[in-house]
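J.: Sharing a model prediction with you, sequence too.
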Amino acid sequence: MFIPSNTTLDQILREFENDDKLTHGTLGTPVLYATVFIIFLVASLILYFLIYLQSSSFHDRSMTPKAPDWMARVPSSARILHEQEHKKFSIATKHYEPLYAQRNDRRRVEESKPALQKLKRILSKMLAMEVDFPDSTFIISIPMKNFKTESRHGEFFPIHGMAPESWFEYQMIGDQRMQVCYYVVDGMSFVAGLSIYIRDPYQKEIYYSEKVIYKLLNGTNYWSRYNLQEETLTLTRRKTNNEYILIASNRYGDVKYFTHNGNKRQFQSIPPPPSSINAEARMQCQNLKIGICESGFQYILERNGKKLHANWNKDAGKIEYSECDFCNKPDETPPPSYQSMFGDCSNSLL
């Protein structure tokens, strides 16, 4: 039996049916079934392999974010991202028509959602928390550390502001299933965030490469070197219960609030307190600097040119300060005086 190279699969099957050797001869019908099964299996493996390769392929970068072709049919109002309560990522949702399959017992059961389950599992592992989102989710926007999600998909912004002569670049992945945003500054490219697009909840998991997601979201974090502020530590007291509150501000302007737990002998983070803190009870430490002591002491404060250690006095219920010889050593040894260098020389020359 001769089969031309341009023959379709249906034509091949018809040739098998018409060939006497296959249907009535020595080969028989079982060989036909086996041959068709092998062809189907090989074709499926090739298709699976091609989809796997495509899911990891990176397109050329662009200066503006792109969108999947099917998103043109989604209303603009539905594309607005909404930050989740945990602030780890934002999502957008849209209406979808449920798909059902009929089982052997004639019951209609909704089709499985393998891609959604896979993405929930990946994000739960990466964010160290239980992740869940509605089945109607069609955009997941995940910012990297020190970046925040904008209201439009694909866009991210550094939380400490843009550096001079910096810009963003965008890159589609696979067949428009994901898009990565890069922040380019000082000749280096940092991942600012990742956008994941889900046409409907019944998409197959193979279209979303777990390896690519891990690689992008585990990249080097960007830390701004511009518009830095002075690190300060301020001790204030509430008017209501005279409770002391430690306010720490880092170089990026992030402010954290702490109270001291005397029983556990440690500081505990608290939400920002109301504005009823007594401004008069700042205990002369409005501009205290934080540092590390050579002796291994964890907390150092600087006031009026003197470096002090902060210690919690449990009985008095307050923080006490003490000077430290290690901390107040001169940064550089002063140069020797001329008297010490040449005093003996004058006697030797006489």
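T.: Arrived safely. Numbering: from 1, shown residues only.

J.: any low-confidence regions in the chain?
T.: 1-28, 44, 47-55, 239-240, 274-306, 311-319, 328, 330-350 (pLDDT under 70).

J.: how far away is the most centrally placed residue in it from Lys87?
T.: Taking Cα atoms, centre = their mean as the criterion, Met144 is the residue nearest the geometric centre of the chain, at 3.4 Å. Distance from Met144 to Lys87, counting by Cβ to Cβ, to the nearest Å: 13 Å. Every residue, glycine included, has its C-beta placed from N, CA and C.

J.: got the residue ranges for the helices in the chain?
T.: 9-18, 20-23, 29-55, 114-127, 210-217, 338-349 (DSSP state H).

J.: Check the offset of the fifth one from the chain's centre.
T.: Relative to its parent chain, helix 210-217 has a centroid offset of 11 Å by Cα atoms, centre = their mean, to the nearest Å.

J.: Now do that helix: everything it contacts.
T.: With contacts defined as Cβ atoms under 8 Å, 6 or more residues apart in numbering, helix 210-217 is touched by 55-56, 118, 122, 126, 142, 144, 173, 178, 180, 191, 194, 196.

J.: Okay, domains of the chain per the record?
T.: 9-55, 58-95+110-217, 232-323 (automatic domain parsing).

J.: Quick check: buried residues in the lengthiest strand in the chain?
T.: Identified as the longest strand of the chain according to DSSP state E is strand 188-197. For strand 188-197, the neighbour count (16 or more other Cβ atoms under 10 Å) marks Phe190, Val191, Ala192, Gly193, Leu194, Ser195, Ile196, Tyr197 as buried.

J.: Tell me which strands that strand pairs with, and in which orientation.
T.: strand 137-143 (antiparallel), strand 178-185 (antiparallel) (DSSP bridges).

J.: Export the ones you listed as TSV, with columns for mean neighbour count and distance to Leu32.
T.: Formatted as TSV, the strands paired with strand 188-197 follow (neighbours: other Cβ atoms under 10 Å; distance: least, Cβ to Cβ, whole Å):
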stretch	mean neighbour count	distance to Leu32
strand 137-143	24	44
strand 178-185	22	43
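
J.: For His260, which of these is the nearest?
T.: strand 137-143 (32.9 Å; Cβ to Cβ).

J.: how about the closest one as CSV, C-alpha atoms only?
T.: Output of strand 137-143 as CSV, limited to C-alpha atoms (Å, rounded to 0.1, in the frame of the first residue of the first chain):
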residue,chain,number,x,y,z
THR,A,137,-10.3,35.4,38.1
PHE,A,138,-8.7,36.1,34.7
ILE,A,139,-5.8,38.3,35.7
ILE,A,140,-3.4,37.7,38.6
SER,A,141,-0.8,40.6,39.1
ILE,A,142,2.0,39.7,41.5
PRO,A,143,4.5,42.5,42.4
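
J.: 212 is where my numbering starts, stick with that
T.: From this message on, residue numbering opens at 212, which makes the last subject strand 348-354.

J.: what's next to that strand, contact-wise?
T.: By Cβ under 8 Å, 6+ apart, strand 348-354 touches 285, 290, 292, 299-305, 307, 327, 330, 334, 344, 360, 364-365, 367, 403-412, 428.

J.: Report the buried members of these.
T.: 285, 290, 292, 299-303, 305, 327, 330, 334, 360, 364-365, 367, 403-412, 428.

J.: For Gln382, give its distance to Val242.
T.: Taking Cβ to Cβ, one finds Gln382 at 49 Å from Val242.

J.: Then Cys535?
T.: Distance from Cys535 to Val242, by Cβ to Cβ: 90 Å.

J.: Check Arg332 too.
T.: 43 Å.

J.: what's the answer for Gln387, then?
T.: On the measure of Cβ to Cβ, Gln387 and Val242 end up 43 Å apart.

J.: Ok, Asn474 next?
T.: 81 Å.

J.: Looking at these two, which is more packed in?
T.: Of the pair Asn474 and Val242, Val242 is the one with more neighbours under other Cβ atoms under 10 Å, namely 15 against 6.

J.: who's Glu531 bridged to?
T.: Assigned bridge partners for Glu531, using DSSP bridges, are Asn522.

J.: how many other residues sit next to it?
T.: 11.

J.: before we move on, what about His270?
T.: Around His270 there are 14 residues (other Cβ under 10 Å).

J.: show me the contacts for it.
T.: Per Cβ under 8 Å, 6+ apart, neighbours of His270: Gln382, Met383, Ile384.

J.: what about 6 Å?
T.: By Cβ atoms under 6 Å, 6 or more residues apart in numbering, the residues touching His270 are Met383.

J.: That one and Gly404, how far apart?
T.: Taking Cβ to Cβ, one finds His270 at 17 Å from Gly404.

J.: what's the answer for Glu380, then?
T.: Taken as Cβ to Cβ, the span from Glu380 to Gly404 is 12 Å.

J.: Please apply the same query to Ile458.
T.: From Ile458 to Gly404 the distance is 30 Å (Cβ to Cβ).

J.: Then Glu294?
T.: Taking Cβ to Cβ, one finds Glu294 at 12 Å from Gly404.

J.: Thanks a lot, catch you later.
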